[in-house]
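In: fold the stuff below for me.
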Amino acid sequence: MKTTILLAAFLLPALLPAQEKPNPNLSLQLEIERTIKKGNAYLRSHQQADGHWGDPSLPAFTALALTATMRDPNRDPAGPEPEFATKGYTWLLAQQKEDGGIYDKGLANYGTSTSIMALLARDKKADEAALLKARAYLVTLQFGSDKKGEPDSKKDGGIGYGSSPDHSDLSNTYLAIEALYHSRQLAKDSEHGKQPELDWEAALTFVSRCQNLTETNDLPGASDDPDNKGGFVYFPGDSKAGSQELPDGTTALRSYGSMSYAGLLSLVYADLDAKDPRVSAVLEWLGNNYTLDENPGLGEQGLYYYYHTMAKALSAAGIEKLPLKDGKEADWRRDLATLLLSNQKPNGSWINENSRWFENDPLLVTSYVVMTLEQIHATMPRN
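Out: Have a look, this model is predicted:
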């Protein structure tokens with residue numbers, strides 16, 4: 001009898017399932033969930049009676065708030081859609097034009113791209129026709145001799161604001177690429193006939209021409225100087241961070257943070273991996289210039305756009321720890337989450353005191369931050 005008991009006691013641990021490793025990020029994840037909940041409550045409290053948020057001439061504000069709402073980890077995705085969200089989507093879809101775009105008078109690409117992402121976050125079959133119509137509209141915005149305007153190597157392949165044909169730029173191009181990338185399976189599986197598709201090769205060429213990397217940028221003006229090599233600018237020949245005179249007497253366009261993350265994300269969506277020189281070069285620049293104190297090259301300007309693009313780009317690229325120039329690695333998710341948790345206002349909002357690109361509007365910035373935290377929460381390692 002004793003032998004049987006001892007044998008059973010000896011075998012028992014082997015019969016029990018192996019314990020899972022504890023989640024080292026559990027405490028931070030729970031804090032993020034609470035912070036997201038508070039941020040979304042702020043957004044909900046500022047929805048207008050007809051369903052929109054912010055300036056009704058800018059549907060992107062409503063689209064961003066809806067995306068933040070639907071991606072909330074506190075929400076049961078299998079549960080009913082919140083009534084206020086349904087009202088918001090009804091308003092947003094009512095802004096769609098005959099051409100498929102979702103905009104009022106300007107920023108047509110911005111409004112349409114963010115609206116596509118909001119509709120994808122909703123994941124509702126009834127939205128499919130509107131989504132495909134919006135997607136087809138984005139394709140028409142791509143510059144090129146067979147797409148839009150006159151042939152111009154600085155514009156070709158890229159996308160601009162949509163309401164003005166003066167230029168294409170990396171910010172608008174990345175937003176459109178993001179929306180088209182995430183909706184392309186829907187287009188392939190569509191019951192609505194063959195769908196138009198972006199010229200991805202031309203888009204990649206445009207993106208490459210925004211990078212300071214002479215190996216893959218065939219336009220004059222790209223620089224391989226140590227300060228700028230691998231980073232990105234606003235569009236070929238133009239940087240919002242200005243220029244830099246080099247020791248050899250030449251001038252380089254300054255690479256800057258937000259566009260370098262936009263460039264990385266665009267390269268990933270174009271199916272390039274870390275072996276491609278464009279990807280490895282921008283990752284090196286980002287590591288050399290890693291900071292959360294500012295948008296490198298622009299200071300406080302576009303700071304929360306920078307944070308949001310950083311989280312999306314590094315997640316998409318599969319970067320768990322970003323290698324830095326001193327040989328260390330940045331736990332960017334923890335760093336960024338900790339910062340954003342610490343600067344939430346008591347009412348649940350965030351704001352940038354610098355007004356560039358609408359970032360003094362708490363509705364816009366709060367949407368950016370909530371989506372950034374949702375991105376971090378969804379991709380943070382659990383063990």
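
In: would you map the strands across the stretch 101-250 of the chain?
Out: 243-245 (DSSP state E, counting those that start in this stretch).

In: wasn't residue 100 part of a helix?
Out: No: using DSSP: H, G, I helix; E, B strand; the rest coil, the assignment for residue 100 is coil, not a helix.

In: tell me who's in contact with the residue nearest to it when sequence neighbours are not counted.
Out: Leaving out its chain neighbours, the residue that sits closest to residue 100 by Cβ to Cβ, 6 or more residues apart in numbering is residue 137, at 3.3 Å. Where C-beta positions appear, they are placed from N, C-alpha and C, glycine not excepted. By Cβ atoms under 8 Å, 6 or more residues apart in numbering, the contact list for residue 137 reads 99, 100, 101, 112.

In: out of those residues, who's the most crowded?
Out: Greatest neighbour count in the contacts of residue 137, by other Cβ atoms under 10 Å, goes to residue 112: 31 neighbours.

In: surely that residue and residue 183 touch.
Out: No: the criterion here is Cβ atoms under 8 Å, and residue 112 misses it with residue 183 at 11.2 Å.

In: quick one: pLDDT of residue 188?
Out: Per-residue pLDDT puts residue 188 at 85.

In: distance of it from residue 138?
Out: As judged by Cβ to Cβ, to the nearest Å, residue 188 and residue 138 stand 16 Å apart.

In: for residue 94, same thing?
Out: On the measure of Cβ to Cβ, residue 94 and residue 138 end up 19 Å apart.

In: show me which of the two is the more surrounded one.
Out: Higher neighbour count among residue 94 and residue 138: residue 138, with 25 against 12, using other Cβ under 10 Å.

In: contact partners for that one?
Out: Shown in contact with residue 138 (Cβ under 8 Å, 6+ apart): 109, 112, 113, 116, 159, 176, 179, 180, 198.

In: let's go with 7 Å and repeat that
Out: By Cβ atoms under 7 Å, 6 or more residues apart in numbering, the residues touching residue 138 are 109, 112, 113, 176, 179, 180.

In: between those, which is nearest residue 383?
Out: Nearest to residue 383 out of these is residue 179 (Cβ to Cβ; 32.7 Å).

In: isn't the closest one up against residue 113?
Out: Yes: if you go by Cβ atoms under 7 Å, residue 179 and residue 113 touch, sitting 4.2 Å apart.

In: more neighbours: which of the two?
Out: The residue with more neighbours, out of residue 179 and residue 113, is residue 113; 30 against 24, by other Cβ under 10 Å.

In: excluding chain neighbours, what is closest to residue 90?
Out: residue 51 (5.9 Å).

In: just checking, the one you found touches residue 93?
Out: No: counting by Cβ under 7 Å, residue 51 does not reach residue 93; the two are 10.1 Å apart.

In: shared neighbours of the two, anything?
Out: With Cβ under 7 Å, 6+ apart as the test, residue 51 and residue 93 reach no residue in common.

In: which one among the contacts of residue 138 gets closest to residue 352?
Out: The closest of the contacts of residue 138, once distances to residue 352 are taken by Cβ to Cβ, is residue 113, at 21.5 Å.

In: tell me how far that closest one lies from residue 83.
Out: In terms of Cβ to Cβ, residue 113 sits 26 Å off from residue 83.

In: same thing with residue 105?
Out: When residue 105 is compared with residue 83 (using Cβ to Cβ), they lie 30 Å apart.

In: could you do residue 372 as well?
Out: Separation of residue 372 from residue 83 (Cβ to Cβ): 26 Å.

In: neighbour count: these two, which is higher?
Out: Legend: neighbour count by other Cβ under 10 Å for residue 372 and residue 83, higher for residue 372 (23 against 8).

In: that one against residue 307, yeah?
Out: Yes: taking contacts as Cβ under 7 Å, residue 372 lies within contact range of residue 307: 5.4 Å.

In: which residues touch residue 31?
Out: Here residue 31 is in contact with residue 341 (Cβ under 7 Å, 6+ apart).

In: SS state for it?
Out: helix.

In: any idea how far residue 25 is from it?
Out: Residue 31 is 10 Å from residue 25, where distance means Cβ to Cβ.

In: quick check: mean pLDDT of stretch 243-259?
Out: 93.

In: ugh, typo on my part, it should be stretch 88-103
Out: The average pLDDT within stretch 88-103 is 97.

In: rounded mean pLDDT for the helix or strand that contains residue 341, please.
Out: Element membership of residue 341 [criterion: DSSP states H and E] is helix 332-342. Mean per-residue pLDDT for helix 332-342: 98.

In: what is that helix packed up against?
Out: Contacting helix 332-342 under the criterion 3 or more Cβ pairs under 7 Å, 6 or more residues apart in numbering; DSSP states H and E are the following elements: helix 26-45, helix 303-316, helix 362-379.

In: contact partners for residue 281?
Out: By Cβ under 7 Å, 6+ apart, residue 281 lies in contact with 213, 229, 230.

In: what's the answer for residue 176, then?
Out: Applying Cβ under 7 Å, 6+ apart, the residues contacting residue 176 are 109, 113, 138, 141, 159.

In: try residue 139
Out: If you count contacts by Cβ under 7 Å, 6+ apart, residue 139 has them with 196, 197, 198.

In: same check on residue 210?
Out: Residues near residue 210 by Cβ under 7 Å, 6+ apart: 170, 232, 233, 235, 236, 263.
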